[in-house]
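Asker: Below: sequence and its predicted model.
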Amino acid sequence: MGSLQLKSIRKAFGDHEVLKGIDLEVKDGEFVIFVGPSGCGKSTLLRTIAGLEDVTSGSIRIDGQEVASVPPARRGIAMVFQSYALYPHLTVKDNMGLGLKQAGTEKAEIDARVSRASTMLSLDPYLARRPSELSGGQRQRVAIGRAIVREPKLFLFDEPLSNLDAALRVQTRLEIAGLHRRLKATMIYVTHDQVEAMTLADKIVVLNAGAIEQVGSPMDLYNRPANIFVAGFIGSPQMNFIPAGRLGEAGAKTIGIRPEHIALSRESGDWRGKVIHVEHLGADTIVYLETGAIGLLTVRLFGEHAYAPDDVVFATPDKTRQHRFDGNDRAIA
């Protein structure tokens, strides 16, 4: 079991309040990801769950037990850090089993748990090596293995892929997703990378300035953002925002339309514009248009398209996919 309930969590450093009353429930077995811009409080929130930071006020319950004043080692959690935090003088096997050894677990049990975890993570050939003999991806797998052998109630990941190159990030992301399916464990994961969030999470928590803006599945947040902040944060390239008055739209202040929901034509369309830049990505073509009264637009086209700077084109939004926001930047149903 690994349920988590946070109630009115506040954290201040002096006069600076970093977390401003966080309420959240994580069900047993869920994969929940915290996302948000730098400084939004996502890593601080993770550290309060782990017990590495004391809360200023509020309740943290793991499997129904209040743990806000319980030391980290007794909370039933295991944390995987961005920096791996491996002991350089120990072998892979000893790094993975160290926490159990320090807890007084019998050697036979340590060996059995390390063996299961190393097989799961394809680390068997490296058990006798030291961290300096491993790649970045292998070191991160060792850090994950060290967490697995503890058999925790909660796995906490603090930007675990940030130090890896692009190819290793994809590979390790797939490994973490497979690990979650096999272990059926509760995982809470912090990242600034929305691609990680969209591809891994059962549920995403979008944080901004120490508060939760929205909680939902990846596609809930993509299709039904609660406000302009979430609409602009989820999705790449970012959603286009147009003052409703420029479109003659009544009852809204801002209209949002995602780049992939705009069609381009050289002959006709709703908005005439001039291409100012094109990004040819192979699978996608990103076109940036200056459209005069509508302003700068970003358009995402699937596949390769032969647009070039200074081309005159016409853009037409899919009106069934438009988002409307009121004067407080909240979504209008």
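Answerer: Arrived safely. Residues are numbered from 1 along each chain as shown.

Asker: distance of Arg330 from Thr254?
Answerer: Distance, Arg330 to Thr254, using CB to CB, to the nearest Å: 10 Å. For glycine as for every other residue, the C-beta is placed from the backbone atoms N, C-alpha and C.

Asker: Give me the more crowded residue out of the two.
Answerer: Thr254 (19 against 14; other CB atoms under 10 Å).

Asker: residue contacts, that one?
Answerer: Contact partners of Thr254, counting by CB atoms under 8 Å, 6 or more residues apart in numbering, are Ile228, Phe241, Ile242, Pro243, Ala244, Arg324, Phe325, Asp329.

Asker: Need the max-distance pair from the residues you listed.
Answerer: For the contacts of Thr254, the farthest-apart pair by CB to CB is Ile242 and Asp329; their separation is 13.8 Å.

Asker: So which elements touch the helix or strand harbouring Ile188?
Answerer: Using DSSP states H and E, Ile188 sits in strand 186-190. Here strand 186-190 touches strand 31-35, helix 42-50, strand 154-158, helix 166-183, going by 3 or more CB pairs under 8 Å, 6 or more residues apart in numbering; DSSP states H and E.

Asker: and the third one, what other elements does it pack with?
Answerer: Counting contacts by 3+ CB pairs under 8 Å, 6+ apart, strand 154-158 packs against helix 42-50, strand 77-80, strand 186-190.

Asker: contacts for stretch 122-142?
Answerer: Contacts of stretch 122-142 (CB under 8 Å, 6+ apart): 80, 84, 86-93, 95-96, 114, 117-118, 121, 145, 160-161, 163-165, 168, 171-172, 175.

Asker: where's it relative to the chain centroid, distance-wise?
Answerer: Centroid separation for stretch 122-142 versus its chain: 25 Å, with CA atoms, centre = their mean, to the nearest Å.

Asker: Make CSV from the helices and strands packed on strand 186-190 and add distance to His192, mean pLDDT and mean neighbour count to it.
Answerer: Shown next, in CSV, are the helices and strands packed on strand 186-190 (distance: least, CB to CB, whole Å; pLDDT from 0 to 100; neighbours: other CB atoms under 10 Å):
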stretch, distance to His192, mean pLDDT, mean neighbour count
strand 31-35, 7, 97, 24
helix 42-50, 8, 96, 22
strand 154-158, 11, 93, 24
helix 166-183, 12, 86, 15
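
Asker: Nearest to Gln65, out of the ones you listed?
Answerer: By CB to CB (comparing all of the helices and strands packed on strand 186-190), the closest turns out to be strand 154-158, at 12.1 Å.

Asker: between that closest one and helix 166-183, how big is the angle?
Answerer: 170 degrees (axes from the mean of the first three to the mean of the last three CA atoms, to 10 degrees).

Asker: Direction included, what does strand 154-158 pair up with?
Answerer: According to DSSP bridges, strand 154-158 forms sheet pairs with strand 77-80 (parallel), strand 186-190 (parallel).

Asker: Ranking those strands by mean neighbour count, which comes first?
Answerer: Greatest average neighbour count among the strands paired with strand 154-158 goes to strand 186-190 (a mean of 25), per mean count of other CB atoms under 10 Å.

Asker: I'd like the mean pLDDT over that strand, please.
Answerer: The pLDDT scores in strand 186-190 average 95.

Asker: what's the following helix or strand after it?
Answerer: Counting by DSSP H and E, what follows strand 186-190 is helix 194-200.

Asker: how far does that next one sit from the chain's center?
Answerer: With CA atoms, centre = their mean as the basis, helix 194-200 stands 5 Å off its chain's centre.

Asker: just stretch 78-88 next, same as before
Answerer: Taking CA atoms, centre = their mean, the mean C-alpha location of stretch 78-88 is offset from the chain mean by 19 Å.

Asker: so how far does that stretch reach from one end to the other?
Answerer: 20 Å (CA to CA, to the nearest Å).

Asker: ok, now stretch 161-171?
Answerer: Terminal residues of stretch 161-171 are spaced 10 Å apart (CA to CA).

Asker: circling back: buried subset of the contacts of Thr254, written for ChimeraX?
Answerer: Buried subset of the contacts of Thr254, written as a ChimeraX selection, criterion 16 or more other CB atoms under 10 Å:
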select :228,241,242,244,324,325,329
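
Asker: What segments of this structure are helices?
Answerer: Here the chain has its helices, by DSSP state H, at 42-50, 92-102, 107-120, 136-148, 166-183, 194-200, 218-223, 228-233, 244-247.

Asker: just so I know, which of those helices lies nearest Gln5?
Answerer: Closest among those, using CB to CB: helix 42-50, at 10.7 Å.

Asker: distance between that closest one and the chain's centre?
Answerer: Per CA atoms, centre = their mean, the displacement of helix 42-50 from the mean C-alpha position of its chain is 14 Å.

Asker: Residues in contact with it: which ones?
Answerer: With contacts defined as CB under 8 Å, 6+ apart, helix 42-50 is touched by 4, 6, 9, 11, 18-19, 22, 34-36, 53-55, 60, 72, 75, 77, 79, 154, 156, 158-159, 188, 190, 207.
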